[in-house]
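Undergrad: Below are the sequence and a predicted model; questions follow.
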Amino acid sequence: MKKFSVLFTASAVVIGSYLFLKYFFSFYLQLPIPASLMKTYMFLIVAGTLLALTADDDSARKLTAPFHSLLFDPSLRRSRNAVFFVLPFLGAFITYQSRPKTEAPVEFRTVHPAPPSSMTAFGKTYNLITLRNPYRELEINDPDNFRKAVEEGKAVYYRNCLFCHGDKLRGKGIFFDAFHNPHPANFQAVGTIAQFQESYLFWRISTGGPGLPKEAAPWLSPMPVWKNHLSEDKIWKVILFLYDYTGHRPREVGGNE
Amino acid sequence: MKSFYRFMGVFLSVSLIFVSAASAMDTDYRMLWGFNPRKTVWFVAQLHLYLGAFVLAMPIFAVIIEYVGYKTGRKKYDLLAYEFTGLLSVAYAVTAALGGLLIFTLIGFYPSFTRYMTDIFGESMLFYALLFFGETFFLYFYYYGWRRLDNLAPLPSFIKLGGRFIGAVGSVLSAGFLFGFFGKYPGAVQPFWFVFFLLASASFFLLKNRKGLHLWGGIWLNLFGTAIMMVANSWVSYMMSPTAYDTNSYEFTGTLMDAVINPLWVPLGIHRMFGNLAFGGFVAGAYAAVRFLGADSDAQRAHYDWMGYVANFVGVCGLLPLPFAGYYLGREVYSNSALMGNNMMGGDFSWTFIMQAMLVGGLFLFSCYYLWTGMGRIPGAEKYRGYVKYLNAAVLVSLAVWITPHNMPLTAAEVAGMGGSQYHPLLKYLGLMPAKNAAVNLIIISTYAGFLLYIRSNRNKKIPIASHGKTARAVILAAALFCILLVGRYGLSLFMLDPASLDLPPDRVQVFTTTAKLLFINCGVILLSTALFFADRGKTAQFIYLGFTIFSVVFFLGPYGFMVMEKASPFLRNIAVSQFIQLLSCLVLVSTFEIFLFRSEHEKPRWGKMPERSQYTLITLCILMTFNMGLMGFIRSGLRTDWHIYGLLRDTSEWAFTPSNYTMTVMVSAISLVFLLGLVLIFWLSDLGEKKAEAPKDDIEERL
């Protein structure tokens, strides 16, 4: 039994970790780990266990000893035969498990799809790398008119965007449950508009769901193409409102370090 | 014969007409021999960079190792440095040839773009070519002058005096450059070039004897290498962050220096320097491993085991600061263009960063594994074996956090199971920057702790503080002072930070002061640890400072980062810098304590007594590093999307699209494979020269 101790330790660590990740997350937390991530974690656990147990010669020998015995020890002839008998069935079972399924493939959706370097709307071509919000400079130069523009943006928001993005801009409008993957964006979260230049928002709002690039597939976003419904002016103003209400700052063109 | 001349005449005339016609055509893109221009340039440029990185790295550690040999008087270091340099000459020639090939592919495939770049950088391109004369001279001086200058015979006194004079004046001028007496430059331009100029000046102090002259030549070899890299860097960084152009007409309006000193120039340079060092270390490690595996005698095995150990040590030294240099570069990319930054971390390139995390994690894990297996050759290491599993667990958990994506690849059923969201309600937090920063810091501390145990294994006799001389005490105090200045100064700057400077409301100042207070407490812990060290409680001192650093960097600032992200997102980068500075301070102080804490009373390490799997680990490290460099090369270049020069000169060719991750994987794997095969060839060629040199000795032995 002693010579199996290292192999048992290794197996216990691997199986124990699997059971913990699987059942603690699934049953206790009710938040199962996605299969792709589970595979990655298990790969790390197996690799890490093997590395730790082969770091010194003694332990490495003990780890491999049972395999060596199984293959060459004359007294283990029955066990050896049993293993060789079972192995093809195991292979068949794994092959059967990996047969083609009817399930949709795993989605690698990109959350912040890259905008094109330029876009066309309102009969003009915009360079999105250098594009700025024309009202942004009023914030310092003419605060009264800036407030006015924000108020106008607010009106645009509550007439048009409220239904999906919600009254508090948290993405929980009345259509929240109707639109899955993606849900309407939560502008209060740090991972959305706080990460972007205003030109990015201009592109997203103007071209909506159908304007999403290839990597944002599947195109499930029901966001309307607002350039067909709002003027350029109104889009810039509603962007002002989004930042003003949430307290986030847009990232500046050319850096704001 | 006559017909041959006639044929040659006609052939040359036709070729000339063809070439003139081709060059007269006003074309932006060209196809030659049916090759895909984009992939061809990618292939050649990456191969050139691989070899360039190796050629730049090798002299850095050859000189460091030679200097160690010079200072300690141990010949084996000198021989090792010479062996490393021997790998260089063939690689140098191949790098230059690939550089030439790259230029011709650019001219051939992308004539308009090349012309555009030449219009701006023409003078620096000429300067670049001239720098090669210096590099070549010093390479040959360093390699071929080794034997001749391998003694301590003094140099004439006028050279010694002249050296000291130039060294002193140059050092003062370098300091003047740092403090802005020669103009103010943006970003880290002044500190970077200060180090460069200071090294150039200080090298003259070595001009005392012949060995010093040789070391001076080695340092100048490195200086020329760095200058060459920085000139070429200015071109590629300009392509990512162009400066001085008219935003309406898109015409370049500045001077050459305006273009050279672009925002990403120095950040890219710093990242490449560390990257090259790590790469060079791991490549040399693989060389040593192959030689170890094929060794005929115990003596050879011992030598190559030691060589592999030193090379891996150098590789890890380059690897430890690399995540921070990368963070700095990434931050500057974000600052320069939020669009490019978002595309890098959250857009098209986000999955490549998960791949990068796997590769870098593998590098740390295998480096640690090599050290653990290496404990087997050290008498006295047995008592530290038990710690290996905890270090392994710390590295693995950190690695798991690092590679957990924010936005997971999910099946439709899983999406439905999570209420229609793409994010896991709990694990999504591991995908955010605060978690990644904490994980990276823990990986580095664990790797360092493993290294500490490794060297501690052979050092068992505690040295009482009373037996140390004044120099040792001065060094310890200087290290403590450096750490206090480093941590305290940054803490003070955070304490005084105005929230308005980060576009934050005044009440967020509390976040700044909390972080600043933590840094002040760190200064207190430095004082306490130093006092304990002087009270002969060195081990406790190390334990306390290491423990506090782990608490502060991983367990406090890690979770705190989430709060900062929510309330004061722009301050998150200052949190990352606070983590890095505390970690650096910990590495400096704990290492200084270690030097003066123990000495060895065990027998020497049993070099050569290493399992074969440890050597395959060294080879794996080299392969992982090669893949990683190729991947990062794709990301850096690909970030420009469909622009030759970002936002300024558009790539209108049919190959302008961003390749898929599949195409990238195939390309990077192919280039890595070709490079690794080329490396085998280069090592074989270097070895050929060695064998030739040894031949007469064999002849003599045979005759005897």
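TA: In hand now; what should we look at?

Undergrad: The residue of the stretch 51-200 of chain B found nearest chain A: how many residues sit nearby?
TA: Among the residues of the stretch 51-200 of chain B, B:Gly187 lies closest to chain A, at 9.2 Å counting by Cβ to the nearest Cβ. Every residue, glycine included, has its C-beta placed from N, CA and C. Residues within reach of B:Gly187, counting by other Cβ atoms under 10 Å in any protein chain shown, total 18.

Undergrad: So what's the residue count around the closest residue to it other than its chain neighbours?
TA: Nearest in space to B:Gly187, with sequence neighbours left out and distances taken as Cβ to Cβ, 6 or more residues apart in numbering or on different chains, is B:Val266 at 5.7 Å. For B:Val266, the neighbour count with other Cβ under 10 Å is 26.

Undergrad: A:Phe85 too?
TA: Burial measure for A:Phe85: 9 neighbouring residues, criterion other Cβ under 10 Å.

Undergrad: Show me the shaky parts of the stretch 451-600 of chain B.
TA: Along the stretch 451-600 of chain B, the model assigns pLDDT under 70 to residues B:600.

Undergrad: And the residue of it closest to chain A?
TA: The nearest approach of the stretch 451-600 of chain B to chain A comes at B:Asp503, 4.2 Å away (Cβ to the nearest Cβ).

Undergrad: Would you confirm that that residue contacts B:Pro570?
TA: Yes: with contact defined as Cβ atoms under 8 Å, B:Asp503 counts as touching B:Pro570 (6.4 Å).

Undergrad: Need the residues touching each of the two.
TA: A:Arg249 (Cβ atoms under 8 Å, 6 or more residues apart in numbering or on different chains).

Undergrad: More neighbours: which of these two?
TA: Using other Cβ under 10 Å, the more surrounded residue of B:Asp503 and B:Pro570 is B:Pro570, with 19 against 15.

Undergrad: Skipping its backbone neighbours, what lies nearest that one in space?
TA: Nearest residue to B:Pro570, sequence neighbours excluded (Cβ to Cβ, 6+ apart): B:Leu502, at 4.2 Å.

Undergrad: From B:Ser467, how far off is that neighbour?
TA: In this view, B:Leu502 and B:Ser467 are 51 Å apart by Cβ to Cβ, to the nearest Å.

Undergrad: Neighbour count: the two, which is higher?
TA: Taking neighbours as other Cβ under 10 Å, B:Leu502 and B:Ser467 compare with B:Leu502 leading, 18 against 9.

Undergrad: Tabulate the CA atom coordinates of the helix or strand where A:Leu90 lies in CSV.
TA: Mapping A:Leu90 onto the secondary structure by DSSP states H and E places it in helix A:77-97. What follows is helix A:77-97 as a C-alpha-only set of coordinates in CSV (Å, rounded to 0.1, in the frame of the first residue of the first chain):
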residue,chain,number,x,y,z
ARG,A,77,-0.5,-10.4,-14.2
ARG,A,78,-4.3,-10.5,-13.5
SER,A,79,-4.5,-6.9,-12.8
ARG,A,80,-2.5,-6.1,-15.9
ASN,A,81,-4.9,-8.2,-18.1
ALA,A,82,-7.9,-6.6,-16.5
VAL,A,83,-6.6,-3.1,-17.3
PHE,A,84,-5.8,-4.0,-20.9
PHE,A,85,-9.2,-5.5,-21.2
VAL,A,86,-10.9,-2.4,-19.8
LEU,A,87,-8.8,0.2,-21.7
PRO,A,88,-10.4,-0.3,-25.2
PHE,A,89,-13.9,0.0,-23.6
LEU,A,90,-12.8,3.2,-21.9
GLY,A,91,-11.5,4.5,-25.3
ALA,A,92,-14.8,3.6,-26.9
PHE,A,93,-16.8,5.3,-24.2
ILE,A,94,-14.7,8.6,-24.6
THR,A,95,-15.2,8.4,-28.4
TYR,A,96,-18.9,7.9,-27.8
GLN,A,97,-19.0,10.9,-25.5
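
Undergrad: Give the next helix or strand downstream of that helix.
TA: Next along the chain from helix A:77-97, counting by DSSP H and E, comes strand A:118-121.

Undergrad: Format the CA atom coordinates belonging to that next one as CSV.
TA: Coordinates of each C-alpha in strand A:118-121 appear next as CSV, following Å, rounded to 0.1, in the frame of the first residue of the first chain:
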residue,chain,number,x,y,z
SER,A,118,-14.2,55.4,-39.8
MET,A,119,-17.9,55.3,-40.3
THR,A,120,-20.5,57.0,-42.5
ALA,A,121,-23.6,58.6,-41.2
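
Undergrad: Give the pairing partners of that strand; include direction for each.
TA: strand A:124-127 (antiparallel) (DSSP bridges).

Undergrad: which parts of the strand it pairs with are buried?
TA: The neighbour-count check on strand A:124-127 (16 or more other Cβ atoms under 10 Å in any protein chain shown) flags A:Tyr126 as buried.

Undergrad: From the chain's centre, how far out is it? Work that out for me.
TA: Chain-centre distance of strand A:124-127: 30 Å, with Cα atoms, centre = their mean, to the nearest Å.

Undergrad: who's in contact with that strand?
TA: Contacts for strand A:124-127 (Cβ under 8 Å, 6+ apart): A:Ser117, A:Ser118, A:Met119, A:Thr120, A:Ser199, A:Phe202, B:Gly647.

Undergrad: can you put the residues you listed in TSV and add pLDDT and neighbour count?
TA: Output for the contacts of strand A:124-127, formatted as TSV (pLDDT from 0 to 100; neighbours: other Cβ atoms under 10 Å in any protein chain shown):
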residue	pLDDT	neighbour count
A:Ser117	75	18
A:Ser118	80	16
A:Met119	87	19
A:Thr120	87	12
A:Ser199	89	24
A:Phe202	94	25
B:Gly647	81	24
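
Undergrad: Let's have these in CSV, adding distance to B:Ala96.
TA: Compiled in CSV, these are given as follows (distance: Cβ to Cβ, whole Å):
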residue, distance to B:Ala96
A:Ser117, 36
A:Ser118, 40
A:Met119, 44
A:Thr120, 47
A:Ser199, 43
A:Phe202, 48
B:Gly647, 33
